[in-house]
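J.: sequence? don't have it. structure:
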């Protein structure tokens with residue numbers, strides 16, 4: 001690791017601006033003793049199997065030594081504080097730390113980003129548009145080669161998931177060739193793809209120790225806070241630096257994360273109906289698609305007085321016409337408060353609004369904590385109809401909720417079933433989600449040895465909710481005929497039954513007339529029903545089913561298109577040679593249409609990895625032919641993705657014999 005450099009030798013004006021911006025970074029008082037633990041790979045990271053522990057200074061050293069570090073953690077876990085400390089340590093040593101807070105990412109930048117083909121220019125655009133003291137690649141390249149540069153990217157989860165993945169690729173490629181440059185990226189527990197996994201070190205900020213929490217409380221001068229031991233609920237909240245700091249400031253200890261933040265607003269910023277007004281405004285301005293928003297849009301809803309109170313408290317940060325909250329959890333809390341109290345908003349549009357299309361799920365988690373107890377299951381069912389991973393995150397992260405035990409069993413069982421999905425990416429994500437659920441009952445599902453093992457466990461669960469017995473009888477069907485009435489459940493308004501049958505049909509014995517019935521549902525007026533039916537239909541290889549699914553890839557609804565593409569590839573992996581090659585010809589011939597839908601293209605890439613394809617050699621051949629056809633016509637930044645997909649496929653099928 002380089003020693004301390006003589007910063008005074010640097011006479012470039014922008015260097016002084018960078019140093020000043022780092023010196024102005026707020027410090028958390030008191031300064032908590034955080035520990036960083038490294039993991040060998042994502043599997044170990046999700047399983048919390050750490051290989052070594054680092055101090056804050058060692059984090060900087062690891063970044064300089066390896067070139068790339070991804071720091072994962074939960075919301076409020078102290079990642080931002082750790083990165084600020086890293087930047088200050090780097091600056092003190094004479095290095096050039098460039099802090100890139102992705103909460104400053106704007107919708108305009110998203111539009112610009114998508115038009116830039118060069119990954120180097122993408123990095124340059126972020127540096128100039130997001131960094132407090134704008135600096136570009138040219139300025140960094142002008143430095144003495146001996147001076148280390150470190151890009152510190154805070155909040156990968158703050159932006160759209162596809163953009164976040166693109167940013168990882170761009171940073172990876174830039175750091176590979178930039179002079180003496182390293183990168184540290186903070187993220188939630190979300191599995192990312194890398195150009196070369198061996199280049200990246202994975203780490204996590206560990207929760208504060210019980211001893212640390214009690215010591216900080218004992219040192220506080222806030223009246224009436226004296227805790228000498230912690231309950232399980234208290235430890236879950238106060239082991240987070242963000243929430244411990246809030247407690248030390250207010251002296252109010254809530255039982256949930258949302259309760260802690262509401263206490264902060266009540267104590268430091270808003271009174272009376274001010275929180276409700278701010279909550280409605282916070283929800284509406286998330287429609288801009290970024291953490292930043294127009295100040296006037298917020299003020300028009302919240303009112304002048306509430307807006308002024310938030311500014312005076314320092315939580316609403318204004319820059320000209322634009323504004324954002326000083327911490328995204330505060331904005332998420334306000335938006336979640338409005339969402340939780342308005343059942344009419346429990347729909348896909350609202351859920352996409354507050355999560356940036358499922359990229360950041362804290363608002364869903366805090367809504368789960370706040371909904372009326374009698375409505376908790378209904379809320380979870382609504383979220384499930386939108387995104388099962390949103391439900392998984394909500395149950396994993398919320399510290400106290402009123403979701404019924406039966407509803408939790410349903411969700412865990414659904415994830416457990418997906419661990420045996422034919423698509424490797426789906427199987428992996430389901431396992432990752434179950435690993436995040438720190439619950440003994442959830443772990444039983446995680447450690448199931450087979451799908452029959454999951455079904456057997458469910459069959460022995462004894463619930464008291466009236467609907468649970470019907471769900472259990474449906475879920476435990478395996479390789480058995482089903483009546484037409486079961487197929488009809490695809491159109492069921494109850495999302496749990498509707499999606500359960502969509503999964504169960506894939507492992508049931510379904511007649512040709514019932515498959516015809518399913519094809520009719522793909523033409524339903526309801527997008528959710530079309531999506532469910534398309535999902536189920538992929539398990540039954542036939543020319544008629546293939547035709548229906550290929551047509552559904554042109555559906556007006558994005559979720560239906562997404563589901564149909566995944567399902568038709570699953571069908572192709574099981575179909576006869578003629579049907580499989582017909583599907584791939586269609587995908588090749590319509591590549592220009594698909595290229596306009598990047599999320600669908602990403603799903604095609606992910607879904608190709610089906611290790612249990614009926615004819616592995618032919619499946620590999622069809623996939624590679626599609627890649628060869630699509631890759632040359634893709635933007636430059638996309639081509640290496642296809643190359644890596646091809647490498648993954650070849651690796652997955654390396655035991656396949658290609659002899660006739």
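T.: That came through fine. Note that this is a predicted model, so its numbers are computed, not measured.
J.: the helices in the stretch 551-660 of the chain, which residues?
T.: 558-574, 577-589, 591-595, 598-607, 616-630, 636-652 (DSSP state H, counting those that start in this stretch).
J.: most packed of those helices?
T.: helix 558-574 (a mean of 24; mean count of other C-beta atoms under 10 Å). C-beta: built from backbone N, CA, C; applies to glycine.
J.: average model confidence for it?
T.: Averaged across helix 558-574, pLDDT comes to 94.
J.: Give me the angle between it and helix 598-607.
T.: Inter-element angle recorded for helix 558-574 and helix 598-607: 30 degrees (by axes from the mean of the first three to the mean of the last three C-alpha atoms, to 10 degrees).
J.: what's helix 558-574 packed up against?
T.: Under the contact definition 3 or more C-beta pairs under 8 Å, 6 or more residues apart in numbering; DSSP states H and E, helix 558-574 sits against helix 527-537, helix 543-552, helix 577-589, helix 598-607, helix 616-630.
J.: One more pass at 7 Å, please.
T.: Packing contacts for helix 558-574, counted by 3 or more C-beta pairs under 7 Å, 6 or more residues apart in numbering; DSSP states H and E, involve helix 527-537, helix 543-552, helix 577-589, helix 598-607.
J.: Pipe those into TSV and attach distance to residue 415 and mean pLDDT per row.
T.: As requested, these are exported to TSV (distance: least, C-beta to C-beta, whole Å; pLDDT from 0 to 100):
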stretch	distance to residue 415	mean pLDDT
helix 527-537	16	95
helix 543-552	25	96
helix 577-589	28	95
helix 598-607	17	88
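J.: Dump these to a markdown table, plus distance to residue 621.
T.: A markdown table is the format used below for those (distance: least, C-beta to C-beta, whole Å):
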| stretch | distance to residue 621 |
| --- | --- |
| helix 527-537 | 25 |
| helix 543-552 | 18 |
| helix 577-589 | 9 |
| helix 598-607 | 16 |
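J.: Any idea which of the helices of the stretch 551-660 of the chain gets closest to residue 327?
T.: Judged by C-beta to C-beta, the one of those that comes nearest to residue 327 is helix 598-607, at 28.6 Å.
J.: thinking again about what came up before, and of the helices and strands packed on helix 558-574, who's closest to residue 426?
T.: Ranking the helices and strands packed on helix 558-574 by proximity to residue 426 (C-beta to C-beta) places helix 598-607 first, at 8.0 Å.
J.: Now do that closest one against helix 577-589, angle only.
T.: Going by the same axes, to 10 degrees, helix 598-607 makes 150 degrees with helix 577-589.
J.: where does helix 598-607 sit relative to the chain's centre, distance-wise?
T.: Taking C-alpha atoms, centre = their mean, to the nearest Å, one finds helix 598-607 lying 16 Å from the centre of the chain it belongs to.
J.: Of all the helices and strands packed on helix 558-574, which one is nearest residue 148?
T.: Closest approach to residue 148 among the helices and strands packed on helix 558-574 is made by helix 598-607 (34.0 Å; C-beta to C-beta).
J.: Just the residues contacting the closest one, thanks.
T.: Helix 598-607 is contacted from outside by 162, 423, 425, 561, 562, 565, 566, 569, 594, 595, 641, 645, using C-beta atoms under 7 Å, 6 or more residues apart in numbering.
J.: List the contacts of whatever helix or strand the third one lives in.
T.: Think residue 425. For residue 425, the element it lies in under DSSP states H and E is helix 424-436. By C-beta under 7 Å, 6+ apart, the residues outside helix 424-436 that reach it are 46-47, 189, 191, 389, 392, 396, 412, 415-416, 418-421, 442, 445-446, 606, 609, 611.
J.: Residue 503 touches residue 415, doesn't it?
T.: No: look at residue 503 against residue 415 with C-beta atoms under 7 Å: they stay out of range, at 11.1 Å.
J.: Same drill for these two, tell me which one is more crowded.
T.: Ranked by neighbour count (other C-beta atoms under 10 Å), residue 503 and residue 415 place residue 415 first, with 25 against 20.
J.: Need the helices of the stretch 551-660 of the chain in CSV (columns: distance to residue 136).
T.: Listed next are these as CSV, based on distance: least, C-beta to C-beta, whole Å:
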stretch, distance to residue 136
helix 558-574, 35
helix 577-589, 39
helix 591-595, 29
helix 598-607, 26
helix 616-630, 32
helix 636-652, 19
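J.: Out of those helices, which is closest to residue 41?
T.: Of all those, it is helix 636-652 that lies closest to residue 41, at 15.1 Å by C-beta to C-beta.
J.: between that closest one and helix 598-607, what angle do the directions make?
T.: 20 degrees.
J.: Quick one: distance of helix 636-652 to the chain centre.
T.: Counting by C-alpha atoms, centre = their mean, helix 636-652 comes out at 23 Å from the chain centroid.
J.: how close does residue 400 get to residue 376?
T.: For residue 400, the distance to residue 376 (C-beta to C-beta, to the nearest Å) stands at 11 Å.
J.: Done for today, thanks.
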